[in-house]
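Q: here's my sequence, what's the structure:
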Amino acid sequence: MAEIVVIDVSIEQDLQVFSKYLWDQRVSHRVVESNDRKLLLVGDKSVALQVRNAYEKFLTGETEAPVIEMPESPQATAVATKLLSHLPVTLGGIILSVLGFCLVYFDRDFGLVKYFTFFDFNRMSTYIIFSVPNGEYWRLITPIFLHFGLMHIAFNMAMLWFVGQRIELLQGSVRMLGICMVIGLGSNIMQATYAEATIFGGMSGVVYGLLGYGWVWSMMRPEKDLMIPNVILYFSLFMMVVGFVGLAGVLGAGKVANVAHLGGLIMGCLMGFGAALIDKFSTKENQV
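A: The predicted structure is shown next:
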């Protein structure tokens with residue numbers, strides 16, 4: 001279904017407060033910039049007029065915002081199709097991670113898992129001998145989909161959905177894919193380089209990278225805030241500290257790939273800084 005332009009204003013106009021109101025009303029929408037204009041788009045014709053009327057009342061300064069009546073929920077297949085069309089990277093990461101978790105859970109002797117870990121390994125009696133594979137380049141990225149416990153995958157998928165869908169909806173699937181691939185590759189390589197040869201995996205490095213990206217971007221481009229609550233960032237930083245001081249096992253989280261987490265966060269912050277600078281200067285050039 002094609003999106004509908006409901007609001008078309010100058011680029012200086014601040015739509016952040018109105019956008020938050022729409023999210024509170026559970027109205028799915030996007031705010032994009034085109035040349036010197038700022039557009040708010042929705043994907044449902046039945047709410048487009050209501051959103052427009054609500055914005056007009058919003059401009060008059062009415063304190064009580066109208067309640068937007070949402071249409072009846074569509075069938076599950078329609079919902080799945082729409083989500084896949086708007087969030088292919090976020091949902092793809094979740095699906096592959098669930099498959100990775102199932103592989104780890106059912107492949108008890110790691111006979112298949114070993115082909116998706118960063119290092120190859122073989123069991124010798126009670127020992128595991130690691131080796132660096134030759135030419136199997138998929139191993140650089142596949143560890144991010146392997147999860148070794150229910151708490152591990154539940155936390156990562158909740159964070160990936162909460163943060164990833166905001167970035168992908170507001171900045172597009174191409175950028176989301178690029179961020180995930182760069183951070184996934186980088187955090188895996190750093191974990192493998194600075195930690196001893198071992199079996200590691202999980203989407204945590206990517207999640208920390210997305211948090212860092214969203215945090216820095218929103219600080220530098222507040223008019224295009226990704227609306228990721230600070231409490232999520234603070235909690236994640238707390239969990240990182242818990243991992244580094246060795247308390248993760250006490251909390252039932254098991255061994256933690258601390259280097260991947262820190263590396264992902266740093267890369268995400270740097271990417272957010274670079275993307276915000278490019279966006280800021282490109283916007284100024286368009287305004288000249």
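Q: in terms of helices and strands, where is the closest residue to His152 other than its chain neighbours?
A: Counting by CB to CB, 6 or more residues apart in numbering, Gly202 is the residue found nearest to His152 once chain neighbours are left out, at 6.0 Å. (Each C-beta comes from the backbone N, C-alpha and C, glycine too.) According to DSSP states H and E, Gly202 maps onto no helix or strand at all.
Q: quickly note the distance from Gly202 to Leu262.
A: Going from Gly202 to Leu262 by CB to CB, to the nearest Å gives 14 Å.
Q: which of those two has more neighbours?
A: Legend: neighbour count by other CB atoms under 10 Å for Gly202 and Leu262, higher for Gly202 (27 against 19).
Q: for the stretch 51-200 of the chain, what are the low-confidence residue spans?
A: Residue ranges of the stretch 51-200 of the chain with pLDDT under 70: 63-65, 71-80, 82-83.
Q: now the helices for it?
A: 76-86, 88-106, 150-171, 173-194 (DSSP state H, counting those that start in this stretch).
Q: and the residue nearest to His152, how far from Phe118?
A: The separation that Gly202 has from Phe118, given CB to CB, amounts to 12 Å.
Q: tell me the contacts of the residue sitting nearest the centre point of the chain?
A: Central residue of the chain (CA atoms, centre = their mean): Gly164, 2.1 Å from the mean position. With contact set as CB atoms under 8 Å, 6 or more residues apart in numbering, Gly164 has these partners: Leu87, Val89, Thr90, Gly93, Met176, Cys180, Leu210.
Q: residue furthest from the geometric center of the protein?
A: Largest separation from the mean C-alpha position in the chain: Ser125, at 41.0 Å (CA atoms, centre = their mean).
Q: scan the protein for its longest helix.
A: Ranked by number of residues, the top helix in the chain under DSSP state H is helix 258-287.
Q: what helices and strands are in contact with it?
A: For helix 258-287, the helices and strands in contact under the criterion 3 or more CB pairs under 8 Å, 6 or more residues apart in numbering; DSSP states H and E are helix 173-194, helix 204-220, helix 230-244.
Q: with distance to Ile4 and mean neighbour count added, can I get those helices in a markdown table?
A: A markdown table is the format used below for the helices and strands packed on helix 258-287 (distance: least, CB to CB, whole Å; neighbours: other CB atoms under 10 Å):
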| stretch | distance to Ile4 | mean neighbour count |
| --- | --- | --- |
| helix 173-194 | 20 | 20 |
| helix 204-220 | 27 | 25 |
| helix 230-244 | 31 | 15 |
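Q: can I get the ones you listed in TSV with distance to Lys280?
A: Converted to TSV, the helices and strands packed on helix 258-287 look like this (distance: least, CB to CB, whole Å):
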stretch	distance to Lys280
helix 173-194	16
helix 204-220	7
helix 230-244	22
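Q: wait, which of those is closest to His152?
A: helix 204-220 (8.1 Å; CB to CB).
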